[in-house]
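Novice: this one's sequence-less:
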Ligand SMILES: O=C(O)c1cc(=O)[nH]c(=O)n1[C@@H]1O[C@H](COP(=O)(O)O)[C@@H](O)[C@H]1O
């Protein structure tokens with residue numbers, strides 16, 4: 001199924017714009033999981049099963065798996081999501097960016113090895129570095145535009161001939177790169193004014209919005225700036241605030257409690 005079709009279905013069926021971020025840090029796992037050889041898979045699986053009915057997508061961050069030689073656990077986790085929660089798309093957060101021949105390998109890794117439905121990609125090497133992902137027309141390609149971190153302004157706010165660099169990225173993607181209708185953009189919840197500007201430039205394009213929860217972004221301001229006329233258009237990501245809500249054996253129930261609160265706070269603004 002086309003990523004955008006799956007995402008729209010999940011927005012409607014789940015009544016949720018919440019993206020649950022899977023950034024597993026073993027140092028923060030509950031004690032009873034610490035020594036298990038597949039602790040990363042087990043932790044994420046329990047979070048996924050506890051929150052799937054509250055989420056429009058899951059976003060595993062590849063570095064947390066690769067840093068621990070746990071790519072096999074990432075594969076198993078995405079297989080588990082597809083098998084048990086087939087209506088919930090998986091956005092692989094890898095922020096790839098390289099010349100075309102190398103990008104081809106990254107695209108195979110994301111879409112064929114890991115079977116992700118979408119990937120985050122860095123657009124700053126230009127169109128030919130993104131083409132290998134766009135060659136999979138059913139897969140989502142979500143390009144960094146206005147990132148949530150403070151240093152994002154160092155480059156993304158530079159004036160490039162009368163507009164800011166992030167505005168150029170938004171226009172380029174909306175007007176040129178999105179021929180298959182499979183592009184999205186990343187815009188941080190920490191910068192609601194820029195969410196509004198990107199929404200203005202891109203129509204109803206889906207925006208991945210990280211930065212609520214641990215980074216302190218404001219849900220109401222994010223929604224006012226970014227929601228589309230039908231009250232959708234956003235994948236609002238929260239990772240640490242959900243994953244580490246609890247520290248004990250009930251961590252998955254605690255994650256569910258925070259995911260529910262977050263989904264409801266988002267829906268209150270739709
Ligand atoms: O592409 C991303 O997902 C991303 C872009 C961005 O601008 N800021 C950002 O925080 N992220 C990711 O979103 C997640 C945020 O995690 P929390 O701050 O714990 O909710 C992390 O996986 C980040 O890598």
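Specialist: Received it, and whenever you're ready, just let me know what you need. Computed from a prediction, not measured in an experiment: that's the story for all the values here. Residues are numbered from 1 along each chain as shown.
Novice: so how many other residues sit close to the nearest residue to residue 128 once chain neighbours are set aside?
Specialist: Closest residue to residue 128 apart from its sequence neighbours, by CB to CB, 6 or more residues apart in numbering: residue 100 at 4.9 Å. (Each C-beta comes from the backbone N, C-alpha and C, glycine too.) Neighbour count for residue 100, taken as other CB atoms under 10 Å: 15.
Novice: any idea of the pLDDT on residue 100?
Specialist: We note a pLDDT of 98 for residue 100 in this prediction.
Novice: how about the helices of the stretch 151-270 of the chain, start to end?
Specialist: 153-156, 165-172, 192-202, 219-226, 240-243, 251-267 (DSSP state H, counting those that start in this stretch).
Novice: which helices and strands sit right next to the third one?
Specialist: If I follow you right, that is helix 192-202. Packing partners of helix 192-202 (3 or more CB pairs under 8 Å, 6 or more residues apart in numbering; DSSP states H and E): strand 140-146, helix 165-172, strand 183-187, strand 207-210, helix 219-226.
Novice: Same question for that helix: list its buried residues.
Specialist: 192, 194, 195, 196, 197, 198, 199, 201, 202 (16 or more other CB atoms under 10 Å).
Novice: And the second one, by the same measure?
Specialist: The neighbour-count criterion (16+ other CB under 10 Å) identifies 165, 166, 167, 168, 169, 170, 172 as the buried residues of helix 165-172.
Novice: and of those residues, the nearest to residue 54?
Specialist: Using CB to CB, the shortest approach to residue 54 within those belongs to residue 170, at 29.0 Å.
Novice: who touches that closest one in this structure?
Specialist: 145, 146, 185, 197, 198, 201, 202 (CB atoms under 8 Å, 6 or more residues apart in numbering).
Novice: about what we covered before: hang on, isn't the residue nearest to residue 128 packed against residue 129?
Specialist: Yes: judged on CB atoms under 8 Å, residue 100 makes contact with residue 129 at a distance of 6.2 Å.
Novice: Count the residues that sit near residue 266.
Specialist: 23.
Novice: For it, report the pLDDT, please.
Specialist: Looking at residue 266, its pLDDT is 98.
Novice: Same check on residue 85?
Specialist: 98.
Novice: and it, how far is that from residue 130?
Specialist: 28 Å (CB to CB, to the nearest Å).
Novice: quick one: which of these two has more around it?
Specialist: residue 130 (23 against 18).
Novice: got the angle for the helix or strand encompassing that one vs helix 165-172?
Specialist: Following DSSP states H and E, one finds residue 130 within helix 127-134. Helix 127-134 and helix 165-172 are oriented at 50 degrees to each other (axes from the mean of the first three to the mean of the last three CA atoms, to 10 degrees).
Novice: what comes into contact with helix 127-134?
Specialist: Contacts for helix 127-134 (CB under 8 Å, 6+ apart): 96-100, 103-104, 106-107, 110, 119, 121, 123, 139, 141, 143, 176-177, 179-180, 182-183.
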